[in-house]
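Asker: Quick one, structure for this:
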Amino acid sequence: MATYYFRNAGANWGDATNWSLSTGGPADGAVPTAADDAIFDANSANCTVNASNRVCLTINFTNYINTITMDFGISVSGNITLGAGMGVGGTGFLAFNNVSATYTPNGYIWPNEFRFITISTSKTYTIAADCTFGGVVTNTGSVGGALANIFAGGRTITCNAGINNTVDQPFQGVTSLTTFVIAGGTLNGQFGTLTNLNLNSGANAITISAVNFSSTTGTFSYTSGVVNAASATLTMTLGTLNLGSNVKWNIIIAAGGGTTTLTNDLWCNTLNMSGALGLVGDFKIYLNTYTGTLGNVQVPSGGGTKPTLNFNGGTSSTTSGTISISSNTINAWKLIDIDMPLVTFTTDIFVLGSLTDVSFKLTSGTFIPPRVLSITNAIGSIDTLGTSWNRVDIGSNVTFGTWSILIDIWCTYLRFAATVGLTLNGSSIYVNGSLENSNSGAVQGTATINLIGSGFWVHGGSSTVFSNPLVINTGGTYRLGASANTTFPNLYKNGNLNYIKGTVIARGTTLLVTATSAGWVNMHRIAFDTVTITGGTTQTMNEFFGGRPGRFCVVRSTNTTNVTIIFTDGFEKFARWVSPSNMTISRRGQVKLLSSRGSRSNTNLGFISFEGGSAFGLAHNNPITYQPTSYYGLGNNPADPALF
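Answerer: Numbering: from 1, shown residues only. From the prediction side, this is the model:
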């Protein structure tokens, strides 16, 4: 190993006569090899790296005040030291050649390509001071696998022409954060542990092809400049992203395995959740197309706020997008917001939010085709802008779930199916087909369910509480208590039940009333076989229940206390084909249904029966013969056509 000084003689690196073993000394007849140090000092002339790429062990330009012209590159197997007064011409590269070493810039900006060549094992580079590279910084060598270029010193490295990864090797820091500032040019890089990446190009432009950011404590941020990432891919695994609308990606991939914190919005054409990733931060991800698994987005065990997924076209000029979901779950999003003219669901979409709240919203546009929306394990809100779903499944399987419907939901099939109770508040659900209550827990709340088409209403679960207001207002036909394949003779309902119009077939069905209800409307139009009041001391209605010719509706109570029937207008009523059990008067316009467990069984005080009907709620308790000339409401057709 020798130390060679470039002489003040000829200009070519490759001429042996231009090198000396001493500064300003005579020619010693050798050109530096990879085992030799090369020094350019005050006694060194202009130099041209000629003929081919050159090598040396170390290179030092500390006191060099002339120009080295880089017609070819120089690969260095040790430390590199630049000189503050040196000059560089040509376009050849300078490289660390597969070695851990120190880079001392001495304030000089290397203007050409600078290479970090890593082969076989990871290498550590100690950066002596903050520095700037004028040319592109290239990460090259053998395919990395577990290899990395590790930067010590916690310095800021500014890359005026960008970074280019040609192999699968990340830049990463050691002990303290190393910051890479991209001030222009192109960016294709991987950034691992203890690295910051900052886009700050001022009036210059940056073109990105790919970034893989997995820095545990680092931040990938935007400060200034025009950034073109329209064809670029961002892979996010760890760290913090602070990019905003100035950096709009073609594809963002969640690689999984860690947590990414958002401190600003993200924009992309396609979001691919290919791995389980924790996303934290109350910011939005704007996109056009979703692939992968929505359920892979996870709030980590440490908690934190959740991001919003906003379908608004992202970086694309298209007005339509697609959502492809392999696991059929959306987990740990604050809001799923559709805000574009057309979104195609290629699979069913399910909403899952077991941690805090998940909301789903259609701001504008249409879902094509309508799919299944399932809301489980969640507390949140849903706003689908009147979108018609094939089926809506609502339930909660872990905790008592509460959902708020911000704008009416429309569906062909509505199903409650959960192991515990749920509360559904807000606007209405319009069902153009069937309603199935298979809940094991209570279904309650203020949201109104409207049956507006044709189908069935069945109760297949073990829950005895269904108190959301229910309205039957259809031009079609509903079969109560039985589906196409299964008969469920018991139908639980408390709360408001309002019949407006349509054909309703309730033959063979028992209505079980489990609590006090204040809104029975037009029940004389639905001919239940039996109405059994099992709970609640007061029932309020505008008309009493009714039956059909040849089969009276039996109204009875199994409650341990008397049940009071109150008519909303305060007047007595006539009922057709009804057989009340244990009826008594409490006052005008009100009757009391005594418990069958009581001592006054088979008595109907104040209730007058006659062929084809009954009158009750009279102002006295003494039975009299009373044959009305017309019956209340008989001019209107009941819901069940079998009544006539």
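Asker: so where's the stretch 101-250 of the chain uncertain?
Answerer: Across the stretch 101-250 of the chain, the ranges flagged by pLDDT under 70 are 143-146.
Asker: pretty sure F416 contacts S438?
Answerer: Yes. Using C-beta atoms under 8 Å, F416 makes contact with S438 at a distance of 6.4 Å. Where you see a C-beta, it was placed from the backbone N, CA and C, and this is true even at glycine.
Asker: OK, contacts around the nearest residue to K123 once chain neighbours are set aside?
Answerer: Take K123 and drop its neighbours on the chain: the residue closest to it by C-beta to C-beta, 6 or more residues apart in numbering is S100, 4.8 Å away. Listed by C-beta atoms under 8 Å, 6 or more residues apart in numbering, the contact partners of S100 are K123, T124, Y125.
Asker: S467: neighbouring residues, count only.
Answerer: A count of neighbours around S467, defined by other C-beta atoms under 10 Å, yields 20.
Asker: same deal with N53?
Answerer: 14.
Asker: Starting from Y4, give me the distance back to it.
Answerer: 17 Å (C-beta to C-beta, to the nearest Å).
Asker: Likewise for I127?
Answerer: 26 Å.
Asker: Comparing the two, which residue is more hemmed in?
Answerer: The residue with more neighbours, out of I127 and Y4, is Y4; 22 against 18, by other C-beta under 10 Å.
Asker: Show me what whichever strand or helix holds the more buried one packs onto, helices and strands only.
Answerer: Here Y4, judged by DSSP states H and E, is contained in strand 3-6. In terms of contact count using 3 or more C-beta pairs under 8 Å, 6 or more residues apart in numbering; DSSP states H and E, strand 3-6 is assigned the packing partners strand 19-20, strand 37-39.
Asker: Mind listing the strands that strand pairs with, and their directions?
Answerer: Its sheet considered, strand 3-6 pairs with strand 19-20 (antiparallel), strand 37-39 (parallel) by DSSP bridges.
Asker: Can you say which of these is nearest to W403?
Answerer: strand 37-39 (72.7 Å; C-beta to C-beta).
Asker: Past the closest one, which element shows up next along the chain?
Answerer: Per DSSP H and E, the first helix or strand lying C-terminal to strand 37-39 is strand 47-48.
Asker: ok now that next one, how far from the chain's centre?
Answerer: Strand 47-48 sits 59 Å away from the centroid of its parent chain (C-alpha atoms, centre = their mean, to the nearest Å).
Asker: quick one: the helices in the protein?
Answerer: Counting by DSSP state H, the chain has no helices to list.
Asker: Low-confidence stretches in it?
Answerer: In the chain, residues with pLDDT under 70: 143-146, 256-257, 292-304, 312-388, 395-401, 406-407, 483-488, 550, 572-574, 581-644.
Asker: again, 50 this time
Answerer: 300-301, 325-329, 352-358, 369, 377-378, 398-399, 585-588, 594-644 (pLDDT under 50).
Asker: What is the top strand by length along it packed up against?
Answerer: In the chain, assigned by DSSP state E, the strand with the most residues is strand 195-228. Judged by 3+ C-beta pairs under 8 Å, 6+ apart, strand 195-228 is in contact with strand 162-165, strand 171-173, strand 178-182, strand 185-191, strand 233-242.
Asker: can you rerun that using 10 Å?
Answerer: Judged by 3 or more C-beta pairs under 10 Å, 6 or more residues apart in numbering; DSSP states H and E, the packing partners of strand 195-228 are strand 156-159, strand 162-165, strand 171-173, strand 178-182, strand 185-191, strand 233-242, strand 248-254, strand 259-262.
Asker: what sits against I68?
Answerer: The contact partners of I68, taken as C-beta atoms under 10 Å, 6 or more residues apart in numbering, are 6, 11, 13, 40, 44, 46-49, 59, 61, 74, 83, 86-90, 92, 94.
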